[in-house]
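Engineer: just to be clear, the model below is a prediction. Sequence and coordinates:
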Amino acid sequence: MLKSAAGQIFWGVIARYGLPFLLFAPSVVGIFVWSLFQSRQATNLYILTLGLLELYLLITSERGKKYIDKSKWSDKEVVLLQRYNLYFRYPFTSKSLSKALSLIQLMSFVWIPWLLYNRLWIQAIIMGLSYIEAGARAAELNPRFYLHDAVEKRHMLKYLQDMLTVDSICEKLSKSTSEDVLEPNKL
């Protein structure tokens, strides 16, 4: 009974937060703790990690945009499928990476003042830019959440059409398999 309960808790946590987030979060916090003692080295490692994550997201995002079957989608849907390519192709991983990018934003609030205190100006500027980039990229990786948030909570009606279109794409994808619609074999 204990093994199955522990297994259920383990898989429940992975299902809730996602494996990329669970691997990324402890390393970010660990690097931050290290930066309390060796600011320059830890921050440089963190910036390198952010750069590699952004490079990975850029490459995977750009690779699948041209393989969308335009005969099965309307023009507006094709535009949104290309814009939010990672979300529709890998929804679970995309949501998890969105949470990881939100963690990057939260860590910036603590880390940037620490870098300024230690007079690491260039690293602080890079971290500030990564804060801005992480926010934009997090919205791209989980558009359904951010579009619903913009329309329903903030009453930003300019995103209403995109929200409805993303919802219709998600419904179409749930009715068919993603292999039929997005053709991942061509990647």
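Structural biologist: Arrived safely. For clarity, every value in this text was computed on a predicted model and none was experimentally measured.

Engineer: just the helices in the protein please.
Structural biologist: Under the criterion DSSP state H, the chain contains helices at 2-17, 19-35, 39-63, 75-83, 85-89, 91-117, 121-141, 143-148, 160-175, 178-182.

Engineer: pick the most buried one from those.
Structural biologist: Stretch with highest mean neighbour count among the helices of the chain: helix 85-89 (a mean of 23; mean count of other Cβ atoms under 10 Å). In short, each C-beta sits where N, CA and C put it, glycine included.

Engineer: what average pLDDT does stretch 89-103 get?
Structural biologist: Averaged across stretch 89-103, pLDDT comes to 87.

Engineer: do stretch 44-56 as well
Structural biologist: Stretch 44-56 shows a mean pLDDT of 90.

Engineer: likewise stretch 156-173?
Structural biologist: 90.

Engineer: distance from it to the middle of the chain?
Structural biologist: Remark: stretch 156-173 is offset 19 Å from the chain centroid, using Cα atoms, centre = their mean, to the nearest Å.

Engineer: ditto for stretch 37-48
Structural biologist: With Cα atoms, centre = their mean, you get 22 Å for stretch 37-48.

Engineer: and for stretch 71-85?
Structural biologist: 20 Å.

Engineer: what's near enough to touch the residue nearest the centre of the chain?
Structural biologist: By Cα atoms, centre = their mean, the chain has its centre lying nearest to S98, at 2.4 Å. Residues near S98 by Cβ atoms under 8 Å, 6 or more residues apart in numbering: R137, A138, A139, L141, N142, F145.

Engineer: now the last one: how far from V151?
Structural biologist: Read that as F145. 11 Å (Cβ to Cβ, to the nearest Å).

Engineer: ok, now the fifth one?
Structural biologist: Here the distance between N142 and V151 works out to 15 Å (Cβ to Cβ).
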